[in-house]
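Colleague: sequence and predicted model, in that order:
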Amino acid sequence: MAKRMPTARQLPADFAPSKGVSWVLRRGAADEAVLWAGPELGRQGQIWERAPKGEWGVAEDCPAPADLLQLADDVAVWISTADDKVLQRLVVTGDGEPDDHDWKFKVTSFEDEDDEFPGSYDAPHRRYARVNGSRVHFAEPDASPFLVSPDGDVHGETLASFTSAGEMGMYASQTDWCLTTISAQVAVASSTGDEACAPQALTIPGDDEAAVVAHWLSVVNDEAIGVMTAAAIELNPLDPRGELSDDERTFWASLLADLRSGTNYGETFDCTVYLDDAVRGTLRGLLNSDPEYRAVSEALAAPRTKGAWLLTALQEADYAVFNSFA
């Protein structure tokens, strides 16, 4: 596990970060270091400075430096704060990337995080910065900052996820897509696995979570098969009018569970939507214009009269039918 906070050697001997004050440590590529600490970011506090390979200077009272929350391409920044608006206050400066510079101190932990978080090298900007131990990453198209925890999860509330996985001989592949809100107005679409790409920032129109989830599903649908099938299975009940016998319903349910879990020949198509019932209802209405979603929804609603094609596909694990809707 990469170290997420500065080491004792990177801090003044008499500085106690555990006291809970807001503080920012900025360390330059030439190994200069500046530490500012105070009750809140942007207020009066104390500043320490250290020259390359030198000792920390005497702390002095001062206002927060003007560049306190600037993320330059040749500076590593550690931020500790309870300010929940700190992400919106970060400013990206410089045209390069961290690995364009000859860093004089070890940045292995930052580089490990770049390797671990998919798409970080393809993102529009990359900086060595952490907030409360979590890494700052950026989403296209406007370098929107967001946080990734040490275990690789985007900070925020998950709205929806989709997993596609399969096996072909000795080769197995899996990609997970996730949509996470990072503020009331912005969600980040991220992915991990074989088909992962750079994170994308999506605007939530008028706090309409159903609209942003519908748009996100349509984007993922352009990258993978079975997306709308999985969404329909997640959002619609099986046999609501009671066409099936108990045994038939149990058989259908087991096949649907196999599709979501990968039990059947290792193929997995699984969508989970984390919305309340009212918003889920709105989402169903928005997705109903998609022919694949509509066909699967109708098959689930009337499995005996309209679901024969889906039952065959599930029984035979023949998912090429999903491509026929493209």
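Modeller: That came through fine. Model, not experiment: these values are computed from the prediction. Numbers count the residues shown, from 1 in each chain.

Colleague: ranges for the helices of the stretch 201-326 of the chain?
Modeller: 209-221, 227-235, 246-261, 277-287, 291-301, 303-306, 308-316 (DSSP state H, counting those that start in this stretch).

Colleague: now the second one - C-alpha only, PDB.
Modeller: Provided in PDB are the C-alpha atoms of helix 227-235 (Å, rounded to 0.1, in the frame of the first residue of the first chain):
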ATOM      1  CA  VAL A 227     -25.900  -2.800 -21.100                       C
ATOM      2  CA  MET A 228     -29.500  -2.100 -21.800                       C
ATOM      3  CA  THR A 229     -30.400  -5.700 -21.200                       C
ATOM      4  CA  ALA A 230     -28.800  -5.600 -17.800                       C
ATOM      5  CA  ALA A 231     -30.500  -2.200 -17.000                       C
ATOM      6  CA  ALA A 232     -33.900  -3.600 -17.900                       C
ATOM      7  CA  ILE A 233     -33.300  -6.700 -15.600                       C
ATOM      8  CA  GLU A 234     -32.300  -4.300 -12.800                       C
ATOM      9  CA  LEU A 235     -35.200  -1.900 -13.200                       C
END
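
Colleague: state the distance from residue 310 to residue 8.
Modeller: From residue 310 across to residue 8, the span is 61 Å (Cβ to Cβ, to the nearest Å). (Each C-beta comes from the backbone N, C-alpha and C, glycine too.)

Colleague: check residue 295 too.
Modeller: Residue 295 is 61 Å from residue 8, by Cβ to Cβ.

Colleague: looking at the two, which has the bigger crowd around it?
Modeller: residue 295 (20 against 10; other Cβ atoms under 10 Å).

Colleague: so the more buried one sits right up against residue 325, yeah?
Modeller: Yes: applying Cβ atoms under 8 Å, one finds residue 295 in contact with residue 325, separated by 7.0 Å.

Colleague: would TSV of the helices of the stretch 201-326 of the chain with distance to residue 108 be doable?
Modeller: As requested, the helices of the stretch 201-326 of the chain are exported to TSV (distance: least, Cβ to Cβ, whole Å):
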stretch	distance to residue 108
helix 209-221	33
helix 227-235	37
helix 246-261	38
helix 277-287	43
helix 291-301	45
helix 303-306	55
helix 308-316	47
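
Colleague: so which of those helices is the most surrounded?
Modeller: When you average the neighbours per residue for each of these (mean count of other Cβ atoms under 10 Å), helix 227-235 leads with a mean of 24.

Colleague: quick one on the thing from earlier: nearest to residue 202, out of the helices of the stretch 201-326 of the chain?
Modeller: helix 209-221 (5.5 Å; Cβ to Cβ).

Colleague: what about that closest one, average pLDDT?
Modeller: Average pLDDT, helix 209-221: 97.

Colleague: summarise which helices and strands that helix is packed against.
Modeller: strand 157-168, strand 171-181, strand 186-193, strand 200-203, helix 227-235, helix 277-287 (3 or more Cβ pairs under 8 Å, 6 or more residues apart in numbering; DSSP states H and E).

Colleague: output the worst-scoring helix or strand of the chain on mean pLDDT as CSV, restricted to C-alpha atoms.
Modeller: None of the helices or strands of the chain scores lower by mean pLDDT, DSSP states H and E than helix 108-116, at a mean of 84. In CSV, the C-alpha atoms belonging to helix 108-116 read as follows (Å, rounded to 0.1, in the frame of the first residue of the first chain):
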residue,chain,number,x,y,z
THR,A,108,7.0,6.3,-6.0
SER,A,109,3.7,6.4,-4.1
PHE,A,110,2.2,8.9,-6.5
GLU,A,111,3.4,6.9,-9.5
ASP,A,112,2.0,3.8,-8.0
GLU,A,113,-1.4,5.5,-7.7
ASP,A,114,-1.2,6.6,-11.3
ASP,A,115,-0.6,3.0,-12.3
GLU,A,116,-3.4,1.7,-10.0
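
Colleague: could you give the angle of it to strand 186-193?
Modeller: Going by axes from the mean of the first three to the mean of the last three Cα atoms, to 10 degrees, helix 108-116 is angled at 80 degrees with respect to strand 186-193.

Colleague: next structured bit after helix 108-116?
Modeller: strand 129-131 (DSSP states H and E).
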